[in-house]
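>>> Next come a sequence and a model predicted from it.
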Amino acid sequence: MSNEFKINGFNLTKKQENKMKKQDVTNYGSGELSQQVMNNEELYNMRFDSCLIDTLKEIFIYTDEQEAELMQDIDEEKAELEEEEENKPLSKIERMYYDMQLKARDNGSKFYVYNGDEFQKLIYKCHMDLFPDDYIYQFIHNILSDLLDAEAETLEDAEEVIYSIEPEIYTANLTAWLHSNNSRIYYLTEALEEYQCQDGFKALSLAQLKEIQEVGSILINELYSE
C-alpha cells in the first residue's frame, strides 16, 4: 500500500501531508507562538502541563527562538501566580487550622490543642460547656481539614462538607468516645429515639455523628459569618 497522497497534482508522503496541515508561524516574530497559546482557550489551559510542547508540535511549525520565548512567558506567569498565592491573606479556616497543634502525652496518646488567640472563644463555644476535651479538639481539626480540602467557599458548601463527614468505623473507638464523658449518653439517647435503632453499633455511630455535626455547625456558622 502506497504512503503517497496527491495534493494539487503533487505526490506527497504522509509526513509531508501532515506538515502541510500544520500552521507555519516561523515567518512571524519571536512572540508569535506565545500569542497563539494565550489566544487559544484550550492551549492556554494547558500552558502549565508537561504535554504542551508535544501538542504544539502537532499544530504548529515554529522556531526554537519562538519556543524559548513561550517558555519564558509561561515561567514568568507561573512565578507571578505563585507570588500572588504567597501574599494572599489567609482565610479564617486557614488561620484556625494552622494554629491547631498535635501533641503527645507521656503514655504515647496524641491529642490536638489550639495554640492561637483569635479563635479561643470559638473553641470554648464548640465545647458546649464541657471542659477541654480531646474528642472535640479532634473533631475541630478534622472539620477544618475537610473544609480546606473541599475548598468550601460558602456556608452552603461548608454544610455539605459537615454532612458528608463519617463517624468512627471501629466499635472500640466508638465505645471509648462514649465512655470519655457522661454527657455523651445524651447523643446516644437522641440517636435511639430519632432513628429507632435496633443495632448497637449503628446507634453509637449515629450518636457520635450527632456530636460531630453539632460541633461542625457551630464552627461554620462562626467562620463563614461576615
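Noted; the coordinates are in hand.

>>> only C-alpha atoms for contact and neighbour calcs from this point on.
Will do.

>>> Which pLDDT value goes with the residue nearest in space to the middle of the chain?
Geometric centre of the chain, nearest residue: Asp149, 3.5 Å, by C-alpha atoms, centre = their mean. On the pLDDT scale, Asp149 is placed at 95.

>>> where does this protein have low pLDDT?
1-20, 226 (pLDDT under 70).

>>> quick check: domain ranges of it?
Here the domain assignment for the chain is 4-87, 92-223, based on automatic domain parsing.

>>> Dump stretch 183-191 to CSV, restricted to CA.
Written as CSV, here are the backbone C-alpha positions of stretch 183-191 (Å, rounded to 0.1, in the frame of the first residue of the first chain):
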residue,chain,number,x,y,z
SER,A,183,-22.7,13.8,78.8
ARG,A,184,-22.3,11.8,75.6
ILE,A,185,-25.0,9.4,76.7
TYR,A,186,-27.5,12.1,75.6
TYR,A,187,-26.3,11.8,72.0
LEU,A,188,-26.9,8.1,72.2
THR,A,189,-30.4,8.6,73.7
GLU,A,190,-31.2,11.0,70.9
ALA,A,191,-30.0,8.6,68.2
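
>>> Show me what counts as buried in it.
By neighbour count with 16 or more other C-alpha atoms under 10 Å, stretch 183-191 contains the buried residues 187-188, 191.

>>> Out of the residues you listed, the closest to Ile218 would be?
Tyr187 (16.4 Å; C-alpha to C-alpha).

>>> Ramachandran angles for the residue nearest to that closest one when sequence neighbours are not counted?
Among residues not flanking Tyr187 along the chain, Ala207 sits closest, at 4.8 Å (C-alpha to C-alpha, 6 or more residues apart in numbering). Backbone torsions for Ala207, taken as degrees, to the nearest 10, come to phi -60, psi -50.

>>> Glu193 is in contact with Ala207, correct?
No - checked against C-alpha atoms under 8 Å, the pair Ala207 and Glu193 is beyond contact range at 10.7 Å.

>>> between these two, who's got more neighbours?
Ala207 (23 against 11; other C-alpha atoms under 10 Å).
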